[in-house]
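J.: Next comes the sequence, and after it the predicted model I'd like to discuss.
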Protein chains: 2
Amino acid sequence: MRIGELADAVGVSTQAVRYYEREQLMPAPTRGGNGYRAYDDQDVARVGFIRTAQSAGLTLVQIRSILDLRDRGVIPCDHVSDLIDDRLAEVRHRMAELAALEQELVQLRDRSERLNPADCSDGDICHIIASQPQPAISE
Amino acid sequence: MRIGELADAVGVSTQAVRYYEREQLMPAPTRGGNGYRAYDDQDVARVGFIRTAQSAGLTLVQIRSILDLRDRGVIPCDHVSDLIDDRLAEVRHRMAELAALEQELVQLRDRSERLNPADCSDGDICHIIASQPQPAISE
DNA sequence: CTAGACCTTCTACCCGACTTCAAGGTCAAG
DNA sequence: CTTGACCTTGAAGTCGGGTAGAAGGTCTAG
């Protein structure tokens, strides 16, 4: 199987597959006489695993750490479990931040409905966004 | 007021202030005889405005568009109102994505508790993350 | 025999909001 | 008169996950 076929099978670009190889998520494949990379079903499964793990929000570095364990013969489940817990905590933290930001934006929108643009002075720049007590920037 | 004093007054770095100048959020300031930038209270307010707007999740490009209106003598309130609405929609969209991701992670965690690592085969890489029906990657 | 659809490598670019580095000039205190 | 805390400029690096382009080799159908 050539790189384009692998890519099509999983639904990624050929450049992405080469990128995974450069980043050592994929092993250096065997080459045909013409220098073309040759892949098999295991490689399809591996790229599929990478994409599934990405869809759970794991980074390529984290995914590589899973693959490295497996390649060294270690069952990676406990590690995967930890990564999932970490990611879940991050997602929840982020959701809380976004909820706070949403509240702030709702307040700003309310303000914009209450205030009259005619009252907006030069020095304020815009009185909707006037220096309020200022939440941290967390983006 | 020199750049360091301005920066301290608002709580940003001097590099950030120069960056805002390069990106045309801040006007080119007058210079002292030594070439040092000289700022006044209006500049403090302007950097403060930038930070407040950033804390509402507006990008520097969006903030510049607000400042540009004000500098051309146009009251920017209507535009600000639109930007706030846009941002609010984005934040809510992102929250929905994260809620979906959270559900997926919770399911993966449940799976990891149900499955026995001893049953995890080489071909799966890790059976917790086995190619499930795959949600799109939206990060 | 040639078009064009593959493949190869390498390098550079993208997003945003800075930070860091390098190499120098200026100024007040002790 | 020196130390060190400020200031100046410009270029380059950071993060992640790729994409884009150039310049070339290979293979297959018509």
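T.: The structure has been received and is ready for your questions. As the structure is a prediction and not an experimental result, all values here were calculated from the model.

J.: measure residue A:113 to residue B:77 for me?
T.: 11 Å (C-beta to C-beta, to the nearest Å). (Each C-beta comes from the backbone N, C-alpha and C, glycine too.)

J.: So if I had to pick from these two, which one is more boxed in?
T.: Using other C-beta atoms under 10 Å in any protein chain shown as the criterion, residue A:113 and residue B:77 rank with residue B:77 on top: 23 against 9.

J.: so what's that one up against?
T.: Contacts here follow C-beta atoms under 8 Å, 6 or more residues apart in numbering or on different chains; on that basis residue B:77 touches A:112, A:115, A:117, A:120, A:126-128.

J.: Name the residues of chain A found near DNA strand D, please.
T.: Selection of chain A residues close to DNA strand D by C-beta under 7 Å from any atom of the strand yields A:12-13, A:15-16, A:19, A:32-35, A:54, A:59-61.

J.: which ones among those residues come in contact with DNA strand C?
T.: Among these, DNA strand C is touched by residue A:35 when using C-beta under 7 Å from any atom of the strand.

J.: Select only the buried ones of the residues of chain A next to DNA strand D in ChimeraX?
T.: A single ChimeraX command is used to select the members of the residues of chain A next to DNA strand D judged buried by 16 or more other C-beta atoms under 10 Å in any protein chain shown:
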select /A:12,54,60
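
J.: Looking at the residues of chain A next to DNA strand D, which one is closest to DNA strand C?
T.: Nearest to DNA strand C among the residues of chain A next to DNA strand D, counting by C-beta to the nearest atom of the strand, is residue A:35 at 4.7 Å.

J.: A helix includes that closest one, no?
T.: No. According to DSSP: H, G, I helix; E, B strand; the rest coil, the state of residue A:35 is coil, so it is not within a helix.

J.: Single out the residue in chain A that lies closest to DNA strand D.
T.: residue A:34 (3.0 Å).
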